[in-house]
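Trainee: Predicted structure and sequence below. I'll ask about it afterward.
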Amino acid sequence: MTPALSAYTGFMRIPFLALLLASTAALAVAADPGAFSGKWQVSQSIAGNENTQTCTFAQNGNDLSGSCGSEQGTIQISGKVDDKKVTWSFKTEYNGSPLTVSYAGTIDAQNKITGTVTVEEFSVSGDFSAIQAK
């Protein structure tokens, strides 16, 4: 190989390596398997009723599982994660009537989730925010 060809080949490796490193870093960020895993303090306001609960989430790929505890006890949740968006729901009772409570939110750079919460059977909704417990 001539010195000129060797220098050209070496020069071409730099952009290729930079592209390879950049794409690897992007995949590592996109594939963060546990951004939602851990304990969260969830504060919500639905139709004038405010409530705070502690939830423990376990993220496995796009699936979310875990539990939320409040003064009524501990309830199992299930949900989905799509990049920075998260949804979860649980079934419970109110005065003997079944309820489905559904959350849809987005996580921001400070690890705070904000979004809407809906109680399907009563057709009411409100807002919620969640911060990750340290």
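Mentor: Noted; the coordinates are in hand. Numbers count the residues shown, from 1 in each chain.

Trainee: could you pull out the strands for the chain?
Mentor: Counting by DSSP state E, the chain has strands at residues 38-46, 49-60, 63-70, 73-82, 85-94, 97-107, 112-119, 124-132.

Trainee: okay if I get the ones you listed as CSV plus mean neighbour count and mean pLDDT?
Mentor: C-betas here are computed from N, CA, C, even on glycine. Shown next, in CSV, are these (neighbours: other Cβ atoms under 10 Å; pLDDT from 0 to 100):
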stretch, mean neighbour count, mean pLDDT
strand 38-46, 16, 96
strand 49-60, 16, 94
strand 63-70, 16, 93
strand 73-82, 15, 95
strand 85-94, 16, 93
strand 97-107, 16, 95
strand 112-119, 17, 96
strand 124-132, 17, 96
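
Trainee: Report the residue ranges of every domain in the chain.
Mentor: 1-31, 38-132 (automatic domain parsing).

Trainee: List the contacts of the spatially closest residue to residue 57 that is not a sequence neighbour.
Mentor: Closest residue to residue 57 apart from its sequence neighbours, by Cβ to Cβ, 6 or more residues apart in numbering: residue 66 at 4.3 Å. Shown in contact with residue 66 (Cβ atoms under 8 Å, 6 or more residues apart in numbering): 55, 56, 57, 58, 76, 77.

Trainee: If we only consider the residues you listed, which is nearest to residue 134?
Mentor: Residue 134 lies nearest to residue 56 out of the contacts of residue 66, by Cβ to Cβ, at 13.9 Å.

Trainee: That's all I had, so thanks and see you.
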